[in-house]
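Asker: 3D model of this:
(chains A and B)
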Amino acid sequence: KQEVTQIPAALSVPEGENLVLNCSFTDSAIYNLQWFRQDPGKGLTSLLLIQSSQREQTSGRLNASLDKSSGRSTLYIAASQPGDSATYLCAADTGANSKLTFGKGITLSVRP
Amino acid sequence: GAVVSQHPSWVICKSGTSVKIECRSLDFQATTMFWYRQFPKQSLMLMATSNEGSKATYEQGVEKDKFLINHASLTLSTLTVTSAHPEDSSFYICSATTGVTEAFFGQGTRLTVV
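Answerer: Numbering: from 1, shown residues only, chains lettered A, B, ... in the order given. Below you'll find the model as predicted:
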C-alpha cells in the first residue's frame, strides 16, 4: 500500500528565501506525482505534475523534481512571497488511474 | 478548460438529516470521479471511486450505505451523506478524469453537522 510522507508539517520562512519542500513515498512504482496548493478552507490547485518518465517540471518560480528510485520528490520555491503562504500537498498516482494517495501536507508561512 | 464544479461550497445540517453534494465536470466528460474527505490537519483520504453508469467502489472502512454515490451521467456525480452525525463533519472534495488525463479537483464542500 502506498504511503506518502511530508516532513515537516509546518515551515515558516522570511520573504525572499528559496525553499525546498520534501515528499517521500514508499512504493516507487508510481505513474506520476503531483504537487498541489491548498488555501485554508479551499479546494486544491494543481501546481505541477511529473510523469514517472520525467525528472522534473517547472512553472514560474516553482520547480518539482522526482527520484523514483529513492522514493522522493521535492518542490522548490524560488524567492518566496507572502502570497505563497498555503498548505502544499504531494500526491502519488500508483495505479495510472488518477486515484491519488496524498501526504498530510506542509503548511508554509512566508513572513513579510 | 478542465473545470470541476462542486456544490454547495459549505452546508450546515441537523444531525439525522441527509445532505447531497454535487460534483460536475463543466467542459469535459468524466468517465471516473473520485470522492475524498479531509479532516483538519490531515491528508485527503479517498472514500470511493465512481464510474459513469456503474456502482461506486468504496475504500475499506467507508460505509457505502451511509455515503451514497451516484454517477448517472458523464458530467455529474453526487455524494449523499445519509443520517448525518457530527462525526461526519468534514471537508469533502471530488475529482474527475476522462481516464486519459490527470484528475481535476472541485472546490470542496465543508459539511458541518450540528
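
Asker: list the contacts for the residue nearest the centre of chain B?
Answerer: Compute the mean C-alpha point of chain B, and by Cα atoms, centre = their mean the closest residue is residue B:35, 3.8 Å away. When contacts are counted by Cβ atoms under 8 Å, 6 or more residues apart in numbering or on different chains, residue B:35 touches B:23, B:46-48, B:50, B:67, B:69, B:77, B:79, B:92-94. Using the backbone N, CA and C atoms, a C-beta is placed for each residue, glycine as well.

Asker: try it again with 7 Å
Answerer: Contacts for residue B:35 (Cβ atoms under 7 Å, 6 or more residues apart in numbering or on different chains) come out as B:47-48, B:69, B:79, B:92, B:94.

Asker: now residue A:58
Answerer: Listed by Cβ under 7 Å, 6+ apart, residue A:58 has no contact partners.

Asker: who's in contact with stretch B:92-99?
Answerer: So stretch B:92-99 is contacted by A:43-44, A:98, B:4, B:6, B:21, B:23, B:25, B:28-38, B:44, B:77, B:79, B:103-106, B:108-109, B:111 (Cβ under 7 Å, 6+ apart).

Asker: type out the ChimeraX command that picks the buried ones from the residues you listed.
Answerer: Listed next is the ChimeraX selection for buried residues among the contacts of stretch B:92-99, using 16 or more other Cβ atoms under 10 Å in any protein chain shown:
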select /A:43,44,98 /B:4,6,21,23,25,28,30,31,32,33,34,35,36,37,38,44,77,79,103,104,105,106,108,109,111
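
Asker: how about the residues of chain B by chain A?
Answerer: In this structure, chain B approaches chain A at residues B:32, B:34, B:42-44, B:46, B:49, B:93, B:97, B:102-103, B:105-108, B:110, judged by Cβ under 7 Å from any Cβ of the partner chain.

Asker: the nearest residue to residue A:104 once chain neighbours are set aside - how many residues pack around it?
Answerer: Nearest non-adjacent residue to residue A:104, counting by Cβ to Cβ, 6 or more residues apart in numbering or on different chains: residue B:43, 4.4 Å away. By other Cβ atoms under 10 Å in any protein chain shown, 18 other residues sit near residue B:43.

Asker: I'd assumed residue A:100 was in contact with residue B:43.
Answerer: No - counting by Cβ atoms under 7 Å, residue A:100 is not a contact partner of residue B:43; they are 10.0 Å apart.
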